[in-house]
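Participant: Attaching a predicted model along with its sequence, questions to come.
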Amino acid sequence: SQQGEEDPQALSIQEGENATMNCSYKTSINNLQWYRQNSGRGLVHLILIRSNEREKHSGRLRVTLDTSKKSSSLLITASRAADTASYFCATISGNTPLVFGKGTRLSVIA
Amino acid sequence: AAGVIQSPRHLIKEKRETATLKCYPIPRHDTVYWYQQGPGQDPQFLISFYEKMQSDKGSIPDRFSAQQFSDYHSELNMSSLELGDSALYFCASSLRAQETQYFGPGTRLLVL
């Protein structure tokens, strides 16, 4: 069964704008990870946020986690054309492997 | 820094043939995972190994098997290939379970 569900499925913005992607999940988790994937390429790890953390930053990325709502958001500030990719959230519960959501396809228009 | 290595990067097979995909995890990582990603789909977990023992099993068909060797590299063996097996196959490794998984570049399998 699908654990993570990203919202929106597709997002198109202008370069320089901020992009926000949301992820909801169903069960309790140990941590939540965000990955980026360029078309047909490998998955690049962006950020891991643990269940006892509420917010994490990495460069232009900001991730929040609300365990009461079972949701997370990924904010990319000052987006660039090179940020165009699909973004997936993935959760880990117990010792189970990553369960991926369906991803948000982000297009940043120069 | 060393990354996860997968080979081959591309593979074309006929229906009912077999295929073997290889994965070399990041040095000192003790857990290896295999994922399958169909066109336009999210990655689906197939199987994982911890210290050379199978640790978890996902939606892996009975036609597929995998193992991890003494040097920690892993191989995914796929037999009686079907058209629907055409996908990207990713290997990932982590230092410990529940920690960050680092993905390889993937093997693109096309079954004709």
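Facilitator: Right, received. Where do you want to start? All of these numbers come straight from a predicted model, not from anything done at the bench.
Participant: And for residue A:103, the neighbour number?
Facilitator: Under the neighbour criterion other C-beta atoms under 10 Å in any protein chain shown, residue A:103 is assigned a count of 26. Bear in mind the C-beta positions are built from the backbone N, C-alpha and C, glycine included.
Participant: Could you show which parts of chain A are in contact with chain B?
Facilitator: With C-beta under 8 Å from any C-beta of the partner chain as the criterion, chain A comes near chain B at residues A:30-31, A:33, A:35, A:40-45, A:48, A:88, A:92, A:95-103.
Participant: Show me just the buried residues among the residues you listed.
Facilitator: Using 16 or more other C-beta atoms under 10 Å in any protein chain shown as the burial test, these include A:30-31, A:33, A:35, A:42-43, A:45, A:48, A:88, A:92, A:96-103 as buried.
Participant: In strands, which of those appear?
Facilitator: Members of these lying in strands (criterion: DSSP state E): A:31, A:33, A:35, A:43, A:45, A:48, A:88, A:92, A:99-100.
Participant: could the residues you listed go into a markdown table alongside pLDDT?
Facilitator: Formatted as a markdown table, the entries for these read as follows, by pLDDT from 0 to 100:
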| residue | pLDDT |
| --- | --- |
| A:31 | 91 |
| A:33 | 93 |
| A:35 | 95 |
| A:43 | 92 |
| A:45 | 93 |
| A:48 | 93 |
| A:88 | 93 |
| A:92 | 87 |
| A:99 | 83 |
| A:100 | 86 |
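Participant: Can you lay out those residues as TSV showing distance to residue A:79?
Facilitator: Putting these into TSV (distance: C-beta to C-beta, whole Å) gives the following:
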residue	distance to residue A:79
A:31	25
A:33	21
A:35	17
A:43	20
A:45	19
A:48	22
A:88	17
A:92	28
A:99	27
A:100	23
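Participant: which residues does residue 81 contact?
Facilitator: Went with chain A since none was named. Residue A:81 is in contact with A:15, A:108-110, counting by C-beta atoms under 8 Å, 6 or more residues apart in numbering or on different chains.
Participant: could you do chain B instead?
Facilitator: Contacts for residue B:81 were tallied using C-beta under 8 Å, 6+ apart; they are B:13-19, B:63, B:111.
Participant: what's the closest of those to residue B:40?
Facilitator: Relative to residue B:40, the closest of the contacts of residue B:81 is residue B:111; by C-beta to C-beta it sits at 17.2 Å.
Participant: Against residue B:35, how distant is that closest one?
Facilitator: Plainly put, residue B:111 is 18 Å away from residue B:35 if you go by C-beta to C-beta, to the nearest Å.
Participant: So what are the sheet partners of the lowest-mean-pLDDT helix or strand in chain B and their directions?
Facilitator: Using mean pLDDT, DSSP states H and E, strand B:53-57 stands out as the lowest-scoring helix or strand of chain B, at a mean of 88. With DSSP bridges as the criterion, the sheet partners recorded for strand B:53-57 are strand B:44-50 (antiparallel).
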